[in-house]
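give me coordinates for this.
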Amino acid sequence: MVRELQRSLPHPQPFSQRERGARDVLLIPILLVAVFLRFHALNEVPPGLTHDEGSVGFLVKQIASNTGFVIDAPYGYANEPFSKYGASVVMWIVGQSDWALRAHQAIWGVMLVLFTYKWAGAAFGHRVGLGGAALVTVSFWPQMTSRFALNSSPAPALFTAAMWLMWIALFREQLRYRVAAWIGFSVALACALMTYEASRGAWLSLPVFLLYLAIFGPRRRLPQFAVALAVGTALALPHLLDPAAWGRTSTLSGSLTSAAAGDFGPL
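Predicted coordinates:
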């Protein structure tokens, strides 16, 4: 049954550099629409900063000003570093403003479109890649989260980038820079793990996928995959071992903790 499923999946053939370049041109209008939908009237839509954006902006401004943290917020995603430091770089380049705060998220919203195209195209073919990128461009949730300055916004793009790099490193036969792809996978995975707690749930799919390949194949590059996964996890480990990195999980886990103790009432 598993082998029948494997045979039924699409196996896109590699294109020449010329063919790949011509096909990639079709992505340009999709990216232009994505840029417009994420950057147009960014200060006005939605109007004003939400309380979440205000708290994120306060922490980002501290980093951009190199003043150090004057508050400790042991809740939510205040202790996730990637978005705050990334947004501080944007503020350092264009100046401190509400627009700069949101522009950081909008940039990652456009990157999500690009990485969706790259991964879906590598895994399922060019048409699926273009269709996936187009859907991400115009769908409500990817647009909405790209226009709010929230800590979580870069996580989908980072994790999708990691999946694309993993996929080509595993399955593309004629890949000149395979080592670079594995390094990129590890770095993108680590950055995702330091952005949003849900990324740590998504991480669980990777050892499961590794186990699946070990059982059903192909097994050719599994040691490389295992090493890259371990490196990416290790890069984020100093952050993950900090109890403050699990603020949202701790806040919302009360009913599960009660259930584990035998009290299913709260759950």
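
switch to C-alpha atoms for all contacts and neighbour counts from now on
OK.

residues of stretch 88-96 that come out buried?
Taking 16 or more other CA atoms under 10 Å as the neighbour-count basis, stretch 88-96 is seen to contain the buried residues 88, 89, 90, 91, 96.

need the nearest residue in space to the last one, chain neighbours excluded.
Take residue 96 and drop its neighbours on the chain: the residue closest to it by CA to CA, 6 or more residues apart in numbering is residue 61, 7.3 Å away.

now that neighbour: which helix or strand?
helix 51-65 (DSSP states H and E).

just residue 232 next, same as before
Under the assignment given by DSSP H and E, the secondary-structure element containing residue 232 is helix 222-240.

outside of that helix, which residues touch it?
With CA atoms under 8 Å, 6 or more residues apart in numbering as the test, helix 222-240 has contacts from 166, 170, 182-183, 185-191, 193-194, 206, 210, 213-214, 245-246.

now restrict those to buried residues only.
166, 170, 182-183, 185-191, 193-194, 210, 245-246.

quick check, nearest of the residues you listed to residue 65?
residue 194 (21.7 Å; CA to CA).

pretty sure the closest one is touching residue 84, no?
No. With contact taken as CA atoms under 8 Å, residue 194 and residue 84 are classed as non-touching, separated by 10.6 Å.

how far away is residue 39 from residue 188?
Taking CA to CA, to the nearest Å as the criterion, residue 39 is separated from residue 188 by 24 Å.

apologies, that question was intended for residue 198.
The span separating residue 198 from residue 188 equals 15 Å under the rule CA to CA.

same check, this time on residue 203
From residue 203 to residue 188 the distance is 12 Å (CA to CA).

SS state for residue 45?
coil (DSSP: H, G, I helix; E, B strand; the rest coil).

excluding its backbone neighbours, what's nearest it?
Skipping the residues right next to it in sequence, residue 45 comes nearest to residue 147 by CA to CA, 6+ apart, at 7.7 Å.

residues near that neighbour, how many?
Residue 147: 27 surrounding residues under other CA atoms under 10 Å.

the one 3 residues further on now?
The burial count assigned to residue 150 is 23, neighbours taken as other CA under 10 Å.

over to residue 98?
Neighbours of residue 98 under the rule other CA under 10 Å: 17.

cool, thanks, signing off.
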